[in-house]
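Trainee: okay, sequence plus prediction incoming.
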Amino acid sequence: MTPLKQLSRQNKQHLYTELEQRIAALTDGESDQIALMATVVCELHQSIDYFDWTGFYRVVDSHLLKIGPYQGSHGCLQISFDRGVCGAAARTQQAQIVEDVNIYPDHIACSSSTRSEIVLPVFDKHRHLIAVLDVDSNREASFDTTDCHHLERILNATFTRD
Ligand code: SME
């Protein structure tokens with residue numbers, strides 16, 4: 001396995017381009033959000049070796065997230081918008097990239113092996129926040145702007161369709 005540090009931007013872009021195409025094909029014609037979440041999580045988690053926990057937290061009321069489809073060890077069931085990396089992504093509606101969770105204030109550790117994390121807001125076609133996508137890695141500094149850009153593309157293509 002190529003050590004992650006040596007995974008160049010070009011390699012990541014190629015990986016994500018193929019993923020975008022596969023997810024588009026797998027979800028073609030589907031509009032049910034849970035079905036879409038389950039398919040996206042499954043494909044992302046199985047395709048990228050530094051994704052050690054991959055899942056959605058759904059917006060269930062104005063300031064609360066509840067767990068949705070995920071792959072990996074057990075995740076906490078609910079998260080307030082005031083807590084953790086997921087809450088920050090929901091509150092700010094901005095992607096959060098955490099290179100070292102051990103120095104992130106108020107990080108919620110669902111697994112002691114997590115070292116880095118990326119969380120992105122998920123919007124529907126009306127630009128309403130419907131969830132956040134949370135990805136944990138057991139390696140430090142796994143995520144960068146290339147991951148963020150391509151994950152945003154996948155989420156927009158999947159959840160803003162008519
Ligand atoms: N680390 C997240 C909580 C979710 S578990 O990682 C699956 C956070 O700080 O919001």
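Mentor: Noted; the coordinates are in hand.
Trainee: going forward, measure contacts between C-alpha atoms and count neighbours the same way
Mentor: OK.
Trainee: I'd say Glu20 and Ile154 touch.
Mentor: Yes: with contacts counted by CA atoms under 8 Å, Glu20 reaches Ile154, the gap being 5.9 Å.
Trainee: can you pick out the residue with more neighbours from those two?
Mentor: Glu20 (21 against 18; other CA atoms under 10 Å).
Trainee: relative to Thr54, how far out is that one?
Mentor: 16 Å (CA to CA, to the nearest Å).
Trainee: likewise for Arg115?
Mentor: Distance of Arg115 to Thr54, given as CA to CA: 14 Å.
Trainee: that's a strand at Ala157, yeah?
Mentor: No: under DSSP: H, G, I helix; E, B strand; the rest coil, Ala157 falls outside any strand and is assigned helix.
Trainee: for it, which residues are in contact?
Mentor: Contact analysis of Ala157 by CA atoms under 8 Å, 6 or more residues apart in numbering lists Ala24.
Trainee: can you check Gly75 too?
Mentor: Residues in contact with Gly75 (CA under 8 Å, 6+ apart) are 67, 110.
Trainee: could you tell me the phi and psi values at it?
Mentor: Main-chain dihedrals, Gly75, degrees, to the nearest 10: phi -100, psi 160.
Trainee: related to what we said a few turns ago, where do the contact lists of Arg115 and Thr54 overlap?
Mentor: When contacts are counted by CA under 8 Å, 6+ apart, Arg115 and Thr54 are jointly contacted by Asp136.
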